[in-house]
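Visitor: this is the structure alone, sequence omitted:
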Ligand code: G3D
Ligand code: MG
């Protein structure tokens, strides 16, 4: 029989409005992309179970992942950050490669989470990779910021599905490794 431990984890997606947070979660949960999205008011919570290798022992760990999608408005962030971020064990920090400023804004988002949770694992996602013709952010730009947080990054597309599952799984692996 496979030895499979279980863990409950909370992760938050952060980043400016319209970078693709809601679409990434939809893609991960349902494997679909819907352009007729409904803009999120406040926070929406989704759940998905992911299975990663146990970093300490043989076998696997099943993470019961609660995924928090929040509104990309700084006013909301300041008002509701305790409620949003309390108990989070990992962050998906999302920027939009067609808008340069969305990358540097992630410093403030990550700092806002860390003030509530302490230092937790971060996976950077440079989203809308399908729009590479309009890219204003290079892999070097993303790497430079990710390095300052000692964190990995991936280019994703919620539209094509590229690297979306990989992004969530890598965060899950970091959380499992930290708990081990
Ligand atoms: P948010 O939750 O971060 O605010 P959303 O962002 O997920 O609501 O997405 C904002 C807009 O970006 C939406 O377009 C959505 O379709 C689009 N989008 C999200 N991810 C991608 C992607 O990977 N590639 C492309 N090309 N578009 C993406 P609209 O036009 O509906 O506002
Ligand atoms: Mg949203």
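Guide: The structure has been received and is ready for your questions. Remember, predicted model here, so these are calculated numbers, not experimental data. Ligands and ions are numbered 1, 2, ... in the order given.
Visitor: which helix or strand in this protein has the lowest average pLDDT?
Guide: helix 74-85 (a mean of 78; mean pLDDT, DSSP states H and E).
Visitor: what strands line up against the very next helix or strand once past that one, and which way round?
Guide: Downstream of helix 74-85, the next assigned helix or strand under DSSP states H and E is strand 90-96. Note on strand 90-96: by DSSP bridges, its sheet partners are strand 4-14 (parallel), strand 122-127 (parallel).
Visitor: now those in JSON lines, with distance to residue 49?
Guide: Yep, even glycine has a C-beta here, placed from its N, CA and C like the rest. Shown next, in JSON lines, are the strands paired with strand 90-96 (distance: least, C-beta to C-beta, whole Å):
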{"stretch": "strand 4-14", "distance to residue 49": "9"}
{"stretch": "strand 122-127", "distance to residue 49": "18"}
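Visitor: wait, which of the ones you listed is closest to ligand 2?
Guide: strand 4-14 (8.3 Å; C-beta to the ion).
Visitor: give the other helices and strands that the helix or strand following the closest one contacts.
Guide: Using DSSP H and E, the helix or strand that follows strand 4-14 in sequence is helix 21-30. When contacts are defined as 3 or more C-beta pairs under 8 Å, 6 or more residues apart in numbering; DSSP states H and E, helix 21-30 sits against strand 4-14, strand 43-53, strand 60-70, strand 90-96, helix 164-179.
Visitor: and the ones you listed, which one's lowest on average pLDDT?
Guide: Per-stretch mean pLDDT for the helices and strands packed on helix 21-30 is lowest at strand 43-53 (a mean of 88).
Visitor: partner strands of it and their direction?
Guide: Strand pairing for strand 43-53, using DSSP bridges, gives strand 60-70 (antiparallel).
Visitor: residue contacts, residue 174?
Guide: 90, 121, 123 (C-beta atoms under 8 Å, 6 or more residues apart in numbering).
Visitor: what does residue 5 give?
Guide: With contact set as C-beta under 8 Å, 6+ apart, residue 5 has these partners: 54, 59-62.
Visitor: any idea how far residue 96 is from the closest residue to ligand 2 within the chain?
Guide: With C-beta to the ion as the measure, residue 22 is the residue of the chain nearest to ligand 2, at 3.3 Å. To residue 96, residue 22 is 13 Å away according to C-beta to C-beta, to the nearest Å.
Visitor: number of nearby residues for the residue of the chain closest to ligand 2?
Guide: 22 (other C-beta atoms under 10 Å).
Visitor: what of residue 75?
Guide: By the criterion of other C-beta under 10 Å, residue 75 has 8 neighbours.
Visitor: could you do the one 4 residues further on as well?
Guide: Residues within reach of residue 79, counting by other C-beta under 10 Å, total 11.
Visitor: before we move on, what about residue 178?
Guide: 12.
Visitor: doesn't residue 121 make contact with it?
Guide: Yes - contact status for residue 178 versus residue 121: in contact at 6.2 Å, counting by C-beta atoms under 8 Å.
Visitor: much appreciated, bye for now.
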